[in-house]
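Peer 1: Dropping a prediction and its sequence here:
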Amino acid sequence: MKLVLYGEANPRQREFFLSRSRHTAYGGARGGGKSWAMRRKFVLLALKYPGLDLLLLRRTLNELRENHIVPLQRELYGAVSYNTTERVFRFPNGSRIKLGYCDSQQDVYQYQGQEYAVIGLEEATHFTEEQMRFLTTCNRTTRRDFSPRMYYTCNPGNVGHAWVKRLFIDRQYLEGERAEDYTFIPARIYDNKVLLEGDPGYVRQLMSLPEDLRRAHLDGDWDVHAGQYFREFSREKHTVAPFELPRHWRRFRSMDWGYNDPCCVLWHAVDGEGRVYTYRELYVRRMRADEVAKKVLELSRGEDIAYTVASPDMWQKRGAMLAASGGIEGESIQEMFALCGLNLIPADNSRVAGWNRVREYLASDPSDPNSAGKWQCFKNCVNLIRQLPLLEYDSINREDAADGDDHAPEALRYALMSRPRGKSEPVIKKRSAYDPLSLPETDSNWYSR
Ligand SMILES: Nc1ncnc2c1ncn2[C@@H]1O[C@H](COP(=O)(O)OP(=O)(O)OP(=O)(O)O)[C@@H](O)[C@H]1O
Ligand SMILES: [Mg+2]
């Protein structure tokens, strides 16, 4: 029996075929040929390595049938047998491709104790992080000629958006994860000549989508997703390569305190037109208050910092929680910072007003929709750039952002609330009772008062 596989891989699909990483994701725009590449890769691996066990998953059975079972049956017809009950393709060389789905969170546990040298997650963003983590525990083999790997195809959006983006786009790794294990291959509809020639109307269809969906599905932009709080954020518009800041620009800091939760400190500079540049971040976990203060002062050496706004709860936090962060009973976190020579002023913590302020700073000038707005962020502030587009609307208070991984955006909110409004309309001159701009110019002279 002879098996003829039709079609030639496009350059991106070839890259996907050649990747040897432990985790390879092929993702971005719709229609680039991701599912085709996944199927073909599985068949090629099954043919090359006799006796190989592969598992290909989609979130629901219907999607699995349409996207993979039917096309694979067509491609492998006559050469490879298919068992409908088990949903397994058995190759004459002993290799097996099992197809499965994980409709509910629990479905994933049916694979407990099973061993697959290759696991593929189709539309990986439809899987939760917990499901993905569990599946990685089934990705192993005792073979010497093959190292276990996982393949992912994905479009932006859905429940798994954040973990796919963290691992493959932002490349932010937690303990136990290694950057070199993760490869991302961007998909573009323009790579898929077969589809462009066969259905030229498809690109037009993607182009006519509302802006956010178009950015996700046509451009493969990972910074937009459903339920997103700051759709106006764009990496292209709002992030810049670090540059030397003129000395006369006013500088200030903002901080969202945390000990068990992360603590984020941001440094900002304001140009002559009131545009705010966030130029540095400190993002730490389980670091004592005195250590954070020391680090902040060290990083600011030689800089003239006008003021530091910080989470108002730092004025209340005392006792046991404080002891954990290196303080003594009765002393507030803010006092501990002051003792280390870092004076803080309580930030304006009006949440919705604060997020609106951030939105104003992100907004483009109405006369030029491509302009950057009044806020720019140095590319080295990786946690802020990662978290800001991930913020989602709160399900109860629809004007607010939901709580979550938001320590860097909170620090940004505090910072911008200490500044005049970000709209291009005339700034209201009247100053509120809370006005850090009228406070002393530097940490040192504020402290010595
Ligand atoms: N190299 C190729 N040779 C022949 N046909 C291809 C090739 N790559 C993709 N195709 C065809 O192009 C169409 C779109 O490809 P595919 O379904 O793989 O895209 P996709 O990126 O998975 O899309 P989506 O984002 O909608 O899931 C399909 O009909 C597929 O069979
Ligand atoms: Mg697909």
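Peer 2: The structure has been received and is ready for your questions. Ligands and ions are numbered 1, 2, ... in the order given.

Peer 1: OK, now which residue of the stretch 251-400 of the chain is nearest to ligand 1?
Peer 2: Nearest to ligand 1, among the residues of the stretch 251-400 of the chain, is Pro389, at 20.5 Å (Cβ to the nearest ligand atom). For the C-beta atoms, the positions are set from N, CA and C on the backbone; glycine is no exception.

Peer 1: Surely that residue is within a strand?
Peer 2: No: applying DSSP: H, G, I helix; E, B strand; the rest coil, one finds Pro389 to be helix, outside a strand.

Peer 1: residues touching the nearest residue to it once chain neighbours are set aside, list them.
Peer 2: Leaving aside its chain neighbours, Pro389 sits nearest to Asp223 (4.1 Å; criterion: Cβ to Cβ, 6 or more residues apart in numbering). Shown in contact with Asp223 (Cβ atoms under 8 Å, 6 or more residues apart in numbering): 215, 233-235, 389.

Peer 1: Remind me what the host helix or strand of Tyr361 packs against, helices and strands.
Peer 2: Assigned by DSSP states H and E, Tyr361 belongs to helix 351-362. Secondary-structure packing of helix 351-362 (3 or more Cβ pairs under 8 Å, 6 or more residues apart in numbering; DSSP states H and E): strand 375-378, helix 407-417.

Peer 1: Ser104 is nearest to which of the ones you listed?
Peer 2: helix 407-417 (31.6 Å; Cβ to Cβ).

Peer 1: Send over that closest one as PDB, restricted to the C-alpha atoms.
Peer 2: What follows is helix 407-417, C-alpha atoms only, in PDB (Å, rounded to 0.1, in the frame of the first residue of the first chain):
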ATOM      1  CA  HIS A 407       0.000  45.200  39.800                       C
ATOM      2  CA  ALA A 408       1.900  47.000  37.100                       C
ATOM      3  CA  PRO A 409      -1.300  48.700  35.700                       C
ATOM      4  CA  GLU A 410      -2.300  49.700  39.200                       C
ATOM      5  CA  ALA A 411       1.000  51.500  39.600                       C
ATOM      6  CA  LEU A 412       0.400  53.200  36.300                       C
ATOM      7  CA  ARG A 413      -3.000  54.300  37.400                       C
ATOM      8  CA  TYR A 414      -1.600  55.800  40.600                       C
ATOM      9  CA  ALA A 415       1.000  57.600  38.500                       C
ATOM     10  CA  LEU A 416      -1.400  59.100  36.000                       C
ATOM     11  CA  MET A 417      -3.900  60.100  38.700                       C
END
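
Peer 1: Give me the angle between it and helix 351-362.
Peer 2: 80 degrees (axes from the mean of the first three to the mean of the last three Cα atoms, to 10 degrees).

Peer 1: Name the residues of the stretch 151-300 of the chain found near ligand 2, please.
Peer 2: Residues of the stretch 151-300 of the chain found near ligand 2 (Cβ under 5 Å from the ion): none.

Peer 1: just the strands in the stretch 51-200 of the chain please.
Peer 2: 53-58, 81-83, 88-90, 96-101, 118-121, 149-154, 182-187 (DSSP state E, counting those that start in this stretch).
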